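>>> Mind folding the following:
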Amino acid sequence: MAADTIPELTPEQLAEIEREFDPETAFRPTGPQLALFIACVLVAMSVYHFYASGFGLIRELLHRGIHLSFVLGLVYLLFGWRKTDTLTPATPAWSRVQGVPILDMIFAVLAVGAALYLPLLPPEIVADRVGNPSQSDILMGTALLVLTLEATRRSVGPTLPIIALLFICFALFGPWMPGALKHGGSSWLGLINHLYMTNQGIYGVAIGVMAKYVFLFILFGVLATRIGLGQLFIDMAMVIAGRYSGGPAKVAIFSSAFMGTISGSSIANTVTTGALTIPAMKKVGYPAHFAGAVEATASTGGQITPPILGAAAFIMVEYLEIPLREVLAAALFPAMLHYFGIFTMVHLEAKKLGLRGLRAEELPKAAVVLKQHWLSIIPLGILVYLILSGKTPDYAAVYGIIACVVVGFLNPINRLTFKDLWNALAAGAKNTLAVGAAAATVGVVVGVVTLTGVGFRLGYVVVQTATDIGEFFSAIWPFSYFAIEQWALFVSLVLIAVSCIIMGAGIPTTATYIILVAVAAPALAQLGVEPLVSHFFVFYYGVLADITPPVALAAYAAAGIAGSNPFKTGNTAFRLGIAKALVPFVFVYSPALLLVADGFTWWAFTVTLIGAMLGIASIGVAFSGYMLAPLKMWERWWVAFASLLFIAPGLTTLGIGILAIAPIVFVQLARRKLVAHQPL
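Numbering: from 1, shown residues only. Take a look at the predicted model:
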């Protein structure tokens, strides 16, 4: 098919691609009456959370229980036993009502009852039973545990429930564990008491953050997109970058960065902006796999781009007990470096292939775009202002949602109707179901960690292993420049990074972050890394899993739009996102990049930022094989070596890196005279 005749995918085809690669959106179809009932429950869920966060005074345990009851009940109605059930029901017609098996309806009722049983009891009764649960407590706690694991398997996949089961086995069979992992063990009564009767398990921090913060921010993102903010971002990205070399790819970067401010989902960003940018990239000459990889890599930045970030950011606020604005400030420049790295790679690829930008007639007019959509930026401005002024995240989100509704009803271009508002409230609630179920299961894992102290045990194992490896390298290294402690820190970071990528291949970013930070934080604390830095390190590598083969879901979704080989697209996406793999090491060794870390100085920040930008640009040159002209293989290796010097923070390494790369720059200038001049 000719490039100029690339067909655009319909909204139905895009939705099918998102459902195929994102298990969190694989909802099964239901009959009209049941669909209306489910929609009413979803809207009620949104209204309840809006009221509870903005105006209600509801006990913490009760609020978490109500949230969990909504999540589990709806999961059993909307997600089938198997993914194929959404298309070809596996049970006979007589056992289904409106497309949903009767057994699933029973599970939904049981899940709601089990989730509400404890929160609806008077607080003094609950306090008396902690440590000495009744038979009914054990029964309801066991039921909730089983139903939560199954709901998570349906909505997220099997990996996270399997991990939870392994942790449960670890708690029960502690006396038989090897080495440092050995502990006294727990009975089933003791386990259920801890996971169900206290706020250290299923009703813990993870589900609390989902109920208090994350739900509102997801709802805000849905409403902001509906009133035209997403379209404004895409159009302005085309205005800013569309006319330059390889313009559509740069549009993908800018639009994904903008969309990342209101959406924390890599796959949703990929499908939303990729529907426009991927066909446009193919049209100007980018290979299909490269076009898909650019969009996927840019879209993963949504989870690390302020002010929405992913759900993990709000967990971080609770864990570290710091204001959200400090987390957003810390995330700002690492996110910018991520997009800078992709932009560099895309620009060099465009110059190497001689690709054009978009023509003037293919670009929207800035004045027209702003005239049509400027009102839609008001809610985001209000949200950011309230967060920066020190208001709580839920307060800011509530007023951001109110602003979305007001602007939506007043805006003549994207006027919001009551039907649109109803659909947005339902869609916002539906988008929280999978992450809510995952949060409850993560609570099980965290509960076992606090019950057994396994986090500190595993942290000790990581540090000891890294120290042993460090002693080995220190012995064979020809120079004594690096101390054993430095080797231990570096090896620990590598081990934790690899663990994050492996874990992130099968479970959501938030779950990866919560589980691994329980190990990483104690381990890195022993090596002198401050908590904010260790939390961000785990967070960033968890996000990287979305573009890391063999399970790179964002890349596979982009491949579905591009019509390319998924694995090739994933490999290319990882190459384009290599900057994200390096940035966490930068801010561990120079926390000044996070702005709010201890010991921040503008001098350290400036040196680190300049070095990181030069290092990321050098990595881009090395991987693309092009600077001002094509590079020879030895030149690419030389530039790659120099990039490591840039990224290592410090004025000395920065100067050495500049001296190391200078000969290649001179060679490139001479070589460029021999080839045709290419305009920027």
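
>>> Please count neighbours and contacts with C-alpha atoms only from this point.
Will do.

>>> Spit out the contact partners of the residue nearest to Leu576 when sequence neighbours are not counted.
Once flanking residues are discounted, Leu576 sits nearest to Ile342: 5.7 Å by Cα to Cα, 6 or more residues apart in numbering. Ile342 is in contact with 253, 294, 297-298, 576-577, 579, counting by Cα atoms under 8 Å, 6 or more residues apart in numbering.

>>> quick one: buried residues of stretch 34-43?
34-35, 38-39, 41-43 (16 or more other Cα atoms under 10 Å).

>>> Low-confidence bits of the stretch 301-450 of the chain, can you list those?
308, 310, 356 (pLDDT under 70).

>>> Just the contacts of Ile342: which are in helices?
Of the contacts of Ile342, the ones assigned to helices by DSSP state H are 253, 294, 297-298, 576, 579.

>>> Show me where the stretch 51-200 of the chain has its helices.
60-78, 102-120, 123-129, 135-155, 159-172, 188-196 (DSSP state H, counting those that start in this stretch).

>>> which of those helices sits most buried?
helix 60-78 (a mean of 24; mean count of other Cα atoms under 10 Å).

>>> hmm, back to that, lowest pLDDT pick from the contacts of Ile342?
Least confident of the contacts of Ile342 in the model: Ala579, at 68.

>>> Out of the buried residues of stretch 34-43, the closest to Ile304 would be?
Proximity of these to Ile304 was ranked by Cα to Cα; the top entry is Leu42 with 27.8 Å.

>>> okay, now the closest residue to Gly247 other than its chain neighbours: neighbour count?
Nearest residue to Gly247 in three dimensions, chain neighbours excluded: Gly357, at 4.3 Å (Cα to Cα, 6+ apart). Other residues within reach of Gly357, judged by other Cα atoms under 10 Å, total 20.

>>> Go ahead and confirm Ala296 touches Thr272.
No - here Ala296 does not reach Thr272: they are 11.0 Å apart, not a contact under Cα atoms under 8 Å.

>>> which residues touch Val586?
593, 608, 612, 647-649.

>>> Check Phe258 too.
By Cα under 8 Å, 6+ apart, the neighbours of Phe258 are 233-234.

>>> Longest helix in the chain, please.
Under DSSP H, the chain gives helix 324-353 as its longest helix.

>>> Would you mark the buried spots in whichever helix or strand comes after that one?
Per DSSP states H and E, helix 324-353 leads on to helix 366-373 as the next helix or strand towards the C-terminus. Neighbour-count burial for helix 366-373, counted by 16+ other Cα under 10 Å, picks out 369, 372-373.

>>> Go ahead and confirm the residue nearest to Gly247 touches Lys250.
No - with contact defined as Cα under 8 Å, Gly357 and Lys250 do not form a contacting pair (9.4 Å).

>>> Where does the record place the domain boundaries for this structure?
14-157, 207-416, 601-680 (automatic domain parsing).

>>> could you redo those as JSON lines and give each row distance to Ile514?
Listed next are the domains of the chain as JSON lines, based on distance: least, Cα to Cα, whole Å:
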{"stretch": "domain 14-157", "distance to Ile514": "16"}
{"stretch": "domain 207-416", "distance to Ile514": "8"}
{"stretch": "domain 601-680", "distance to Ile514": "28"}
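
>>> out of these, deepest packed?
domain 207-416 (a mean of 23).

>>> Please enumerate the helices of the stretch 501-650 of the chain.
509-526, 531-544, 553-562, 566-576, 578-589, 602-624, 633-647.

>>> which stretch among those helices comes nearest Leu77?
Here helix 509-526 is closest among these (Cα to Cα), at 23.1 Å.

>>> Now do the closest one against helix 531-544, angle only.
Orientation check (axes from the mean of the first three to the mean of the last three Cα atoms, to 10 degrees): helix 509-526 against helix 531-544 gives 140 degrees.

>>> Which residues does helix 509-526 contact?
Against helix 509-526 from outside (Cα under 8 Å, 6+ apart): 160, 310-312, 315, 438-439, 442, 445-446, 449, 455-456, 458-460, 462-463, 489, 492, 496, 499-500, 503-504, 530-531, 534-535, 538-539, 542-543.

>>> list the contacts for Cys40?
Taking Cα under 8 Å, 6+ apart, one finds Ala426 in contact with Cys40.

>>> Go through the contacts of Val586 and say which is closest to Leu191.
Scanning these for proximity to Leu191, where the rule is Cα to Cα, the winner is Leu593, at 41.6 Å.
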